[in-house]
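# A structural model of the following input is requested.
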Amino acid sequence: MSVRAPTKTIRSWTTDTRRWAAYKPRPGDIIVATPAKCGTTWTIQIANLLVEQSPEPKPIWSLSPWLDVRDYPVEELVANLEGQTRRRVIKTHTPSDAMPFFDEVRYIHVARGGLDAFMSWHNHVANYRPAALAFMDAVGMSDEAIARPHPRMPDDIREFFQVWMTEGPEARLADDMPAARYFDIERSFWSDRKRPNVLLVHYNDLKADLDGEMRRISDFLDIPVNEAIWPGLVSAAHIDAMRDAGGTLMPRGNEVWADGAKTFFNKGTNERWRSVLTEADIALYEDRLAREASSALAAWLAGGRRGAGDPRRTED
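Take a look at the predicted model:
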């Protein structure tokens, strides 16, 4: 099994990519890799529904561990994976060049417009429970590469937007998932988009045609579509269905966020930023996008396949 070694390490209050050294791949493993709040859990649920061939809700965090998260000892997460006899689905928010890359593993990357991701990230961070923040404080203080508590979010969302948009060396410690990491992840998978074991999916396309995108993912994973049970799988993958089953899908949600899974799944809508950010804020993001991404990647982030075409056929 060929491997491309990581070329960098990322350490934050929630993740440490050095943990990937403990990963023992199996042919057919499925890694879902996205920036935060871009459809990660949604796509993991889709992958699990396809693997399980059942609409029955099951705990996502235990079924599909987040390998580089710092909430659990890495040995515990690896033991979980090693004990699974089914086809494995793994979560990460890591760029493709910060983890080992195996030819016989399937990688699904999910993109979303940066401003939409920011709005969902704001809701995510604003609702952390004190115990979750205290845990991340301790992580940060114990890691010499961070050496500080987790940043507290300003009360004003526009102030937080300025923090999220921090550039330069300070960006890494301005926030746990700043715009700098968002663009880093997007660029990495855009560079790998033409590899046969990489599939790029977009949040907007999932919303516009869930059935069609699930068929596309099923084809990529070499999982035949069973038309007899297919409608039930698609129904179970709808955001509303996931929100209704939130207590089962995310049983630890109440430990991390106020209102638990209800907060985590939140609205699932786009363009909420239009009523929050100013024209100057939006222009700031658009200027950053033009500097951080090629024109083709920028078009993809904004519009998905319906707006920018198939990424594999797109030239930079």
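
# may I have the phi/psi pair for the spatially most central residue of the chain?
With distances taken as Cα atoms, centre = their mean, the residue of the chain nearest its centroid is residue 34 (3.2 Å). Per-residue torsions, residue 34: phi -150, psi 160 (degrees, to the nearest 10).

# I'd guessed residue 14 sits against residue 72; true?
No. When contacts are counted by Cβ atoms under 8 Å, residue 14 is not listed as touching residue 72 (11.6 Å). For glycine as for every other residue, the C-beta is placed from the backbone atoms N, C-alpha and C.

# the more surrounded of these two?
residue 14 (20 against 14; other Cβ atoms under 10 Å).

# mind listing what that one touches?
Contacts for residue 14 (Cβ atoms under 8 Å, 6 or more residues apart in numbering) come out as 69, 70, 71, 136, 139, 176.

# what's the farthest-apart pair in those residues?
Taking Cβ to Cβ as the measure, these span a maximum distance of 13.0 Å, between 71 and 176.

# quick revisit: out of the contacts of residue 14, which are inside strands?
Counting by DSSP state E, none of the members of the contacts of residue 14 fall within strands.

# single out whichever of these has the smallest pLDDT.
For these, the model is least confident at residue 71; its pLDDT is 91.

# how near is it to residue 48?
Distance from residue 71 to residue 48, counting by Cβ to Cβ, to the nearest Å: 20 Å.

# again, but for residue 2
Residue 2 is 27 Å from residue 48, by Cβ to Cβ.

# which non-adjacent residue is nearest residue 38?
Of all residues not flanking residue 38 in the chain, residue 112 sits nearest, at 3.8 Å (Cβ to Cβ, 6 or more residues apart in numbering).

# repeat for residue 5
Nearest one to residue 5, counting by Cβ to Cβ, 6+ apart, is residue 100 at 6.2 Å.

# tell me where the stretch 51-200 of the chain has strands.
89-92, 101-102, 106-111, 198-202 (DSSP state E, counting those that start in this stretch).

# nearest to residue 187 among these would be which one?
So among the strands of the stretch 51-200 of the chain, strand 106-111 is nearest, using Cβ to Cβ, at 10.9 Å.
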